Structure formats: structure tokens, C-alpha cells
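**Q** Sequence first, predicted coordinates after that:
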Amino acid sequence: MTVAPESPAEIERSPNPVDLHVGARIRMRRKILGVSQEKLAESLGLTFQQVQKYERGANRVSASKLYEIARSLQAPVAYFFEGLADPSEPADGEARNDHQVHEFLMTPEGLELASLFPRLNRAPVRRRILDLVRSMAEEEA
């Protein structure tokens, strides 16, 4: 079965990968600090629905609003771009699927796993966990 390429209108409606990434990082930082969407929205003079849209990548965050978010979440502005490819460097040929990363970080389990996994200091343990998850994913497919 072949999939038809996306129309220009569909491409226009899908969130930009950078917006998805920044939104996921806002959500992750907010969750790590235990701040609700309502509390963050209040500190920014927004509605919680606007914060939801930022976190989903549905709405772009302006530079000034990102600065306010960084201040409110006690993070450097660069934190929200960590993990993105440096646009000044040539691409390494490996395309990262930002949409999958965003979907992963939008789940409570994904967010918790993403915050706990780096705390595992022993590389063999991290590899065994990755092998376990990979094998379970293959069984699901």
C-alpha cells in the first residue's frame, strides 16, 4: 500500500518540528518542577489552554514569551533547544523523528522515563534496558 504525499495544506497545518521540540521541552521542564499548566499560565498572563497549545507545538512561542517561560521555569532559554541539531553544522544524514520524540514526551511514562534514564550511570544497565524495550516493541509489531 502506498501513501499519498501530503498536500501543501496538510504540510502547512502540521506543527514545525522545532515548535514540537520546544513545546516538549516546556512540558518536560514544567513537569520536572511539578508546576501545573494553570500555574505556569498564571505566571505568564495566559490561559492554560494557551500553554497546552505551546506544549503540543500547535502554537509557536514568540521569543519574548519563551524568555518569560524560561524565567518562570528557572531554565536558560537554550534549555528549550537542547537536543536539536545545530543549524550552523552540516546534517549528519541521520534524520531524527521529532514527532515521535514529542509523542513520547507527551505521555506521563515517557516523561518519567526521560527524566530517570539519564540518572543511570552504568552504560551496560542502560543498554540492557534499551534492549528490553526494543525487544518488546518488536513483539508489538
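**A** That came through fine. Residues are numbered from 1 along each chain as shown.
**Q** make it CA atoms for all contacts and neighbour counts henceforth
**A** Fine.
**Q** show me the residues around L33 that make contact.
**A** L73 (Cα atoms under 8 Å, 6 or more residues apart in numbering).
**Q** Could you measure from it over to L73?
**A** Distance, L33 to L73, by Cα to Cα, to the nearest Å: 8 Å.
**Q** likewise S43?
**A** From S43 to L73 the distance is 10 Å (Cα to Cα).
**Q** of these two, who's got more company?
**A** For S43 versus L73, neighbours defined as other Cα atoms under 10 Å are more numerous around L73 (19 against 15).
**Q** State the phi and psi torsions of that one.
**A** phi -100, psi 10 (degrees, to the nearest 10).
**Q** surely it meets R30?
**A** Yes - using Cα atoms under 8 Å, L73 is in contact with R30, at 6.5 Å.
**Q** what do those two both touch?
**A** In contact with both L73 and R30: no residue, using Cα under 8 Å, 6+ apart.
**Q** For the residue most central in space within the chain, pull up the helix or strand it's in.
**A** Centroid check for the chain by Cα atoms, centre = their mean gives A24 as the closest residue, at 2.6 Å. Element membership of A24, judged by DSSP states H and E, is helix 17-33.
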